[in-house]
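Chemist: structural data only, the sequence is not supplied:
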């Protein structure tokens, strides 16, 4: 099939590349001329494991194309995916201006039947708004479908090629048949294709992400209580996860969730509720608790230095909001850095993937290390913010030599307390006894 993807961010580029891998001819559209030129030359603009190889393979096979010309792509495609940003407004509502602007352009250009697919995460009723926008500018037949993505950054290619389910929201039999043909490679191997109305599909995405945000936050609350009563969150996590009604995933405590999805989607669902005179109390509490959780280790760090961080040098391992991505949106590392700087500490950070994105925001307000061990040189303590695998099994003897104080504040519970104790470190983690 001939497909157009409008927008080449995480969702658009991964979706387009994976659809090309399935044999489709895919046209990726973006208004950024330099970005399009770079992609034509084989440069992947984002970091995502396993994406580059697939990206280059499909360019070479001439199944993956890039253009700034929406009209050109529209003309030769049956299905048009909108994978555009929906950033939060100040009041938490999703900004639909990018989607509606492209919808206007489609309305002006469309000459034959198309299926317009909302891939972006959007509030309930957005499919109707897109339909109204296009219909006001053309008499050509078209359909608007909701087809939310469920991609985890760091595992996006895997999730796209082997999804747990595909949700399609449409009331049109014609559009349903086209989408069924597109996703036949999945349905043929038993992956469920779930059809529903457009509004239910839109809300499914918000509900799924918000539920996971609540689940993470609940575990962080339990972890914080563990520290009060001397319980071990690792044992509790195993006991809870063994219940198949709960499962093992998203039960890992830490310094809060971040990224481009959970914070934005929780805010948007709260705002959507408010617009319908409905109060999402559990989501409001989740948002408040998560924000506090992000810097929960700073008081312990302060206490370790007798209440004074002024002049202390703190090393940070990890800047991305999670491992296997360069995304720093809503990353806990940034909250900790800002607070440390406010308290007069100096910060030196290491993240081989996300560093450049942090440089764009913080510049020379902090220092950047070439590797994880040089970050420790002369530092007073180490704060771990991202669970990169390279941090999992470090050389503790080398760490001890480089740090001024053998002190680790671990926001991702990377090490066992026994291991930290064996090497003589002060070790503060989340929901477990502190090793002193």
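Modeler: Perfect, thanks for sending it. The structure presented is a predicted model; accordingly, all values stated were derived computationally and were not measured. Residues are numbered from 1 along each chain as shown.

Chemist: so what are the domain limits for the chain?
Modeler: The chain breaks down into these domains under automatic domain parsing: 2-196, 205-292, 294-428.

Chemist: what about residue 179, distance to residue 378?
Modeler: 58 Å (Cβ to Cβ, to the nearest Å). Glycine gets a C-beta too; all of them are placed from N, C-alpha and C.

Chemist: between these two, tell me which one has more neighbours.
Modeler: residue 179 (23 against 10; other Cβ atoms under 10 Å).

Chemist: how about the more buried one, nearest residue that isn't a chain neighbour?
Modeler: Of all residues not flanking residue 179 in the chain, residue 168 sits nearest, at 5.1 Å (Cβ to Cβ, 6 or more residues apart in numbering).

Chemist: next one: phi and psi at the one you found?
Modeler: Dihedral pair for residue 168: phi -130, psi 120, per degrees, to the nearest 10.

Chemist: list the contacts of it.
Modeler: Listed by Cβ atoms under 8 Å, 6 or more residues apart in numbering, the contact set of residue 168 reads 145-147, 176, 179, 183, 193-196, 201.

Chemist: among those residues, which one is most surrounded by other residues?
Modeler: Counting neighbours by other Cβ under 10 Å, the top entry in the contacts of residue 168 is residue 146, with 27 neighbours.

Chemist: contacting residues for that one?
Modeler: If a contact means Cβ under 8 Å, 6+ apart, then residue 146 has 117-118, 122, 126-127, 167-170, 198-199, 201-202 as its contacts.

Chemist: count the neighbours of residue 247 for me.
Modeler: 12.

Chemist: could you do residue 160 as well?
Modeler: Neighbours of residue 160 under the rule other Cβ under 10 Å: 23.

Chemist: want to throw the domains of the chain into TSV with distance to residue 435 and mean pLDDT?
Modeler: Below are those laid out as TSV (distance: least, Cβ to Cβ, whole Å; pLDDT from 0 to 100):
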stretch	distance to residue 435	mean pLDDT
domain 2-196	29	96
domain 205-292	13	96
domain 294-428	4	97
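
Chemist: wait, which of the ones you listed is closest to residue 434?
Modeler: domain 294-428 (5.0 Å; Cβ to Cβ).

Chemist: now, the contacts of residue 168 that are in helices?
Modeler: Among the contacts of residue 168, DSSP state H puts 176, 179, 201 in helices.

Chemist: nearest to residue 242, of those residues?
Modeler: Once Cβ to Cβ is applied, the member of these that ends up nearest residue 242 is residue 201, at 32.7 Å.

Chemist: count of neighbours near residue 62?
Modeler: Neighbour tally, residue 62, other Cβ under 10 Å: 9.

Chemist: hmm, back to that, need the ones in helices among the contacts of residue 168 in TSV with distance to residue 326, can you?
Modeler: TSV is the format used below for the ones in helices among the contacts of residue 168 (distance: Cβ to Cβ, whole Å):
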residue	distance to residue 326
176	37
179	32
201	30
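
Chemist: can you tell me, leaving aside adjacent residues, what's nearest to residue 157?
Modeler: Nearest to residue 157 is residue 50, by Cβ to Cβ, 6+ apart, at 4.5 Å.

Chemist: the one you found contacts residue 161, doesn't it?
Modeler: No - Residue 50 lies out of contact with residue 161 (Cβ atoms under 8 Å); the separation is 9.1 Å.

Chemist: list the buried residues in stretch 62-79.
Modeler: 63-67, 70, 73-74, 77-79 (16 or more other Cβ atoms under 10 Å).

Chemist: just stretch 181-195 next, same as before
Modeler: 182-183, 186, 193.

Chemist: quick one, strands of the chain?
Modeler: Along the chain, counting by DSSP state E, strands occupy 2-6, 25-29, 64-67, 79-82, 114-118, 142-146, 166-169, 193-196, 313-317, 346-350, 367-368, 381-384, 407-410, 426-428.

Chemist: the fourth one pairs with which strands, and in what direction?
Modeler: Strand 79-82 has its sheet partners listed here by DSSP bridges as strand 2-6 (parallel), strand 114-118 (parallel).

Chemist: name the residues that touch it?
Modeler: Here strand 79-82 makes contact (Cβ under 8 Å, 6+ apart) with 1-7, 12, 15-16, 73-74, 99, 102-103, 106, 114-120, 130, 147, 178-179, 182.

Chemist: gap between it and the chain center?
Modeler: When C-alpha coordinates are averaged (Cα atoms, centre = their mean, to the nearest Å), strand 79-82 and its chain have centres 22 Å apart.

Chemist: and if you look at the second one?
Modeler: Taking Cα atoms, centre = their mean, one finds the center of strand 25-29 at 23 Å from the center of the full chain.

Chemist: which other helices and strands does it contact?
Modeler: strand 2-6, helix 10-21, strand 64-67, helix 70-75 (3 or more Cβ pairs under 8 Å, 6 or more residues apart in numbering; DSSP states H and E).

Chemist: select, out of those, the one closest to residue 365.
Modeler: Short answer: helix 10-21, nearest of the helices and strands packed on strand 25-29 by Cβ to Cβ, at 26.5 Å.

Chemist: ok, the residue lying closest to residue 347 once chain neighbours are set aside - how many residues close by?
Modeler: Closest residue in space to residue 347, ignoring its immediate chain neighbours: residue 366 at 4.1 Å, by Cβ to Cβ, 6+ apart. Neighbours of residue 366 under the rule other Cβ under 10 Å: 19.

Chemist: again with the one 10 residues further on
Modeler: Neighbours of residue 376 under the rule other Cβ under 10 Å: 24.

Chemist: tell me who's in contact with it.
Modeler: Contacts for residue 376 (Cβ under 8 Å, 6+ apart) come out as 315, 382, 399, 402-403.

Chemist: most distant residue from the centre of the protein?
Modeler: Here the chain reaches farthest from its C-alpha mean at residue 139, the gap being 38.3 Å by Cα atoms, centre = their mean.

Chemist: next, that one: phi, psi?
Modeler: The phi and psi values for residue 139, taken as degrees, to the nearest 10, are phi -110, psi 0.

Chemist: against residue 107, how distant is it?
Modeler: 10 Å.
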